[in-house]
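[1] Based on what follows, work out the 3D shape:
(2 chains)
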Number of protein chains: 2
Amino acid sequence: MTRASKEWQHFLRQNREKDIADLLEFIRIPSVSAQPALLPEVHRAARWVANRLKVAGIADAEVLDTGAHPVVFGSWMGAGNHKPTVMIYGHFDVQPAEPIELWTTPPFEPEIRDGKIYGRGATDDKGNMLAPILTVEALLSTTGRLPVNVKFLFEGQEEIGSPDMPKFVEQNVDRLACDMIFSADGLQWGPEQPQVVEALKGIVAFELVVRGPHSDQHSGLHGGGIANPAMGLAQLLASMKSSEGLVTINGFYDDVIPLTDQDRQEIARVPYNDADYLAETGAPATGGEPGYSTRERLWARPTLDVNGLTSGWQGDGGKTVLPAEATAKLTCRLVAAQHPGRILDVIRNHVVAHCPPGLSADVKRNNSWGDPFQVPRGHLSTELAAEVLEEVYGRTPYRTRLGGSISVMTTLQHATGVHATMFGFAHSDENLHAPNEFFRLDAFDRSMLAYGLLLEKVGCCHID
Amino acid sequence: MTRASKEWQHFLRQNREKDIADLLEFIRIPSVSAQPALLPEVHRAARWVANRLKVAGIADAEVLDTGAHPVVFGSWMGAGNHKPTVMIYGHFDVQPAEPIELWTTPPFEPEIRDGKIYGRGATDDKGNMLAPILTVEALLSTTGRLPVNVKFLFEGQEEIGSPDMPKFVEQNVDRLACDMIFSADGLQWGPEQPQVVEALKGIVAFELVVRGPHSDQHSGLHGGGIANPAMGLAQLLASMKSSEGLVTINGFYDDVIPLTDQDRQEIARVPYNDADYLAETGAPATGGEPGYSTRERLWARPTLDVNGLTSGWQGDGGKTVLPAEATAKLTCRLVAAQHPGRILDVIRNHVVAHCPPGLSADVKRNNSWGDPFQVPRGHLSTELAAEVLEEVYGRTPYRTRLGGSISVMTTLQHATGVHATMFGFAHSDENLHAPNEFFRLDAFDRSMLAYGLLLEKVGCCHID
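    Numbers count the residues shown, from 1 in each chain, chains lettered A, B, ... in the order given. Okay, the predicted model is just below:
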């Protein structure tokens, strides 16, 4: 295969300076989706992407409206009905750059230092999403065709949680029909070590509000007479989790698919060091649900975490108030085959059963809501990706999971029936979402090579 | 006695218009201690009080420095060594008037409507503290002398927690030496029903801080790997109190003097209605430490209340953060013979023993700190006050207690060895600390009469 690929690889090497210049130009557009004043820049980035797709040979590339933040879509369907259709996903919006003063060079004036491109969005996700466009350009320029049918779906709202994407995807199901999806928004384990991400956690977020008196009361005049909502909230929260970390809500674990021996072996194969992990987080000790390793809990067991507490007096010093109410914000991270709605149900049942006397308690859904994502064992696009990664890195990829949730993975899965495969080349040390974000130039090279090899490999598959 | 008192009572009736005019003038001084810009007005009020004392015949009345907010002190010691010395306490500073727009007439432009003087400080405490001055003036003007030795101690910082008073009292122990203390800063049960307050609760305030990772972490990437400080705080708080309301901290109740049958009978004698109390607070039910009535818990049992909770994300919606720390502010209200320092010790011991694994917890003292106050049974000045109240109201006073804490009561007790007796004529419906504060003119009349009768009654006591 390597011999057959020579021509497009040569094209990429020849165009390297130009490709890097394109990435620098792309990064110069401050397409921050979270800042309304920069919405025109998100649109400018969309036009830039659509134009770059056209230049690459994707003639139908266009900007599509979704509400505020547009989508760019383009396709090349010349491989015919018997070749698979691959959709490549990425996003051209970026995180806010603040605090600006912590950047060595301005976030939207990218600079190359020591083989790294510094700038907001360099790795998340502009460098990563540009790579497959350039690969397709190389293939089309040198061979006049692609080994498979290709669709590109790039969004401009990933960094604000993709609020309009579920609706857009639903309304464009036919346009998005495909056989495999690769997400160019993803990480490798390290600069020398690839990974295949086999699962992401789902999420359900809610607020728990405990109410007592109609307004804040004097804690001296009423303490002992009526129940305290802040203490009641604490008691209710404490009833949900043991001090070891077992979630004690009836039914919480009911739908969890137990880890198999093979699952546990795969997880154990990935190096883990407790001291390193404690140094990274600064926590005094690891801990959680009994019976599982730290990595198993992080990757493959559901969790319940308090994200915030609010009640009564929060200023300096004390104030002798018995608060009228107390609120906790919580999220549960879910694993296959849990469902956010079912988890919310068991939580509501628990709260009804455990609300301390003299108080009332409500559970209110918050925004985050997503099913867990888990690739079936032996899933084709994931296995092909693993083969390519082994080829370009010279190392067998780790089989990993993520405790986080990426909603577009389940959005696309629900709409197209396809489990997406993460195929991005960022690294966790590249200051994603932080000052001095950067992308390694050799990762840029590697990602273009990997996408070319991947499309060729998929091209060997026939659809009947 | 009534016959012998005629002359000074006649004087008070004759001077009623002038006395009311004086109170209106006093209220017009916006002596808000909490607002630094109004500190000159607190000083102006002090000079007004000292001058009014001089006019009344207290020749040595003077303004004394304590730091920012002054004290006014004056004495009449002409009754001789064999007569008791009575100290009368009150305060000339007032609460802030905000929100101004909720006042029917401006807070510092007092107006009389329906037999009530409306204005900030009318009842708390300007009307109440002016009454004994006017009574002493009536006695001195008509009889040339007082039945007892009298000292006046008026402070200008009560509404900000009397921060400089402990030091002032300590430095002026000789000057404040006396046999009985009456506080003109207090309430009667109702316009037709007097009370004698036999106990106030002590207080100790603290913050409980639970810490985990060195900074907020992503709840998806780290949830399940390390303990959550907000959940740990909830578990620690829940370990301190049963859902019924029993404080479960080892040693918390050790120093409590149990209620006697007589105590419980006295408390039960005071009318209480659960429905009224629930309507007042808006709580769905009363509740607390098992084995005690609501009134017993409110008045005579120690409490532990959460005053505030703070952790992680508190804005709108959700944020997937595993917080670095979580803080609760708490106060305990103490009854005789508990001590704030000892309670803080048992709390610290409890926190060390119950901090969930993977977290650290600290207990930090907050400002409020005070011993419980309880008048010994048969305490002379309290019994004399009860007799006078029965005389002026025609009803036996209720024997009550307060769940709140009034630090000056214990400050004076520690310095002089004297248990003060509350002898004020405010009523809880008079909007103390709220817009449209008022003082009943008939309570003003009654308080002058009561102070006159009280001084006469005390004058029948001899000191050997």
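[2] Identify the residue spatially nearest to the residue positioned nearest the centre of chain A, adjacent ones excluded.
    With distances taken as Cα atoms, centre = their mean, A:I406 lies nearest the centre of chain A, 3.4 Å away. Once flanking residues are discounted, A:I406 sits nearest to A:L200: 5.6 Å by Cβ to Cβ, 6 or more residues apart in numbering or on different chains. Yep, even glycine has a C-beta here, placed from its N, CA and C like the rest.
[3] Whatever residue of the stretch 101-250 of chain A ends up closest to chain B in helix, strand or coil?
    Proximity of the stretch 101-250 of chain A to chain B (Cβ to the nearest Cβ) peaks at A:H214, 2.7 Å away. Recorded secondary structure, A:H214: coil (DSSP: H, G, I helix; E, B strand; the rest coil).
[4] now the strands for the stretch 151-300 of chain A?
    Under the criterion DSSP state E, counting those that start in this stretch, the stretch 151-300 of chain A contains strands at A:180-183, A:195-200, A:202-211, A:217-218.
[5] Which stretch among those strands approaches A:A227 most closely?
    strand A:202-211 (9.1 Å; Cβ to Cβ).
[6] what about the closest one, distance to the chain center?
    Distance of strand A:202-211 from its chain centroid, counting by Cα atoms, centre = their mean, to the nearest Å, is 21 Å.
[7] for it, packing partners?
    helix A:229-238, strand A:325-334, helix A:340-354, strand A:360-370 (3 or more Cβ pairs under 8 Å, 6 or more residues apart in numbering or on different chains; DSSP states H and E).
[8] ok, the residue lying closest to A:H419 once chain neighbours are set aside - contacts?
    Spatial nearest neighbour of A:H419, chain neighbours left out: A:V375 (5.1 Å); criterion: Cβ to Cβ, 6+ apart. Applying Cβ atoms under 8 Å, 6 or more residues apart in numbering or on different chains, we find A:V375 in contact with A:198-199, A:382, A:419, A:421.
[9] Check what pLDDT A:V375 gets.
    pLDDT for A:V375: 94.
[10] can you check A:D276 too?
    The model reports A:D276 with a pLDDT of 95.
[11] do you know how far it is from A:P166?
    Plainly put, A:D276 is 38 Å away from A:P166 if you go by Cβ to Cβ, to the nearest Å.
[12] Counting neighbours, go ahead and name the busier of the two.
    Neighbours were counted for A:D276 and for A:P166 using other Cβ atoms under 10 Å in any protein chain shown; A:P166 has more, 17 against 10.
[13] on that earlier part again, can you put the helices and strands packed on strand A:202-211 in CSV and add distance to chain B?
    As requested, these are exported to CSV (distance: least, Cβ to the nearest Cβ, whole Å):
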stretch, distance to chain B
helix A:229-238, 4
strand A:325-334, 6
helix A:340-354, 8
strand A:360-370, 4
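[14] Give me whichever of these is most buried.
    Among those, helix A:229-238 has the highest mean neighbour count (mean count of other Cβ atoms under 10 Å in any protein chain shown), at a mean of 28.
[15] Name the residues of the stretch 101-250 of chain A found near chain B, please.
    Contacts of the stretch 101-250 of chain A with chain B, taken as Cβ under 8 Å from any Cβ of the partner chain, map to A:201, A:203, A:205, A:207, A:212-215, A:217-228, A:230-235, A:237-239, A:241, A:243-245.
[16] hmm, back to that, and the strands of the stretch 151-300 of chain A: which comes nearest B:A328?
    When these are compared by Cβ to Cβ, strand A:202-211 sits nearest B:A328, at 14.1 Å.
[17] what angle do that closest one and strand A:360-370 make?
    With axes from the mean of the first three to the mean of the last three Cα atoms, to 10 degrees defining the directions, strand A:202-211 sits at 160 degrees from strand A:360-370.
[18] Just the mean pLDDT for strand A:202-211, thanks.
    The pLDDT scores in strand A:202-211 average 96.
[19] Direction included, what does that strand pair up with?
    As defined by DSSP bridges, the strand partners of strand A:202-211 come to strand A:325-334 (antiparallel), strand A:360-370 (antiparallel).
[20] what mean pLDDT does the shortest one have?
    On average, the pLDDT along strand A:325-334 is 97.
[21] Now do that strand against strand A:195-200: the angle between them, please.
    Using the same axes, to 10 degrees: strand A:325-334 against strand A:195-200 is 130 degrees.
[22] mind listing the helices for chain A?
    Per DSSP state H, chain A carries helices over the ranges A:6-14, A:16-27, A:39-56, A:127-143, A:165-171, A:219-222, A:229-238, A:261-269, A:274-281, A:294-300, A:340-354, A:380-393, A:407-416, A:441-459.
[23] right, and A:T320 touches B:G161 too?
    No: counting by Cβ atoms under 8 Å, B:G161 is not a contact partner of A:T320; they are 10.3 Å apart.
[24] which residues do those two both contact?
    Contact with both A:T320 and B:G161 is made by residues B:S368, according to Cβ under 8 Å, 6+ apart.
[25] higher neighbour count, the two?
    Shown here are A:T320 and B:G161; by other Cβ under 10 Å, A:T320 has more neighbours (21 against 13).
[26] how about the more buried one, what does it touch?
    A:218-220, B:203, B:205, B:307, B:331, B:368.
[27] quick one on the thing from earlier: closest to A:D179 out of the helices and strands packed on strand A:202-211?
    Evaluated over these, closeness to A:D179 peaks at strand A:360-370, with 23.5 Å, by Cβ to Cβ.
[28] circling back: and which of the contacts of A:V375 is nearest B:R295?
    Ranked by distance to B:R295 (Cβ to Cβ), these are led by A:A199 at 58.2 Å.
[29] Number of residues surrounding the closest one?
    Burial of A:A199 is recorded as 19 neighbouring residues (other Cβ under 10 Å).
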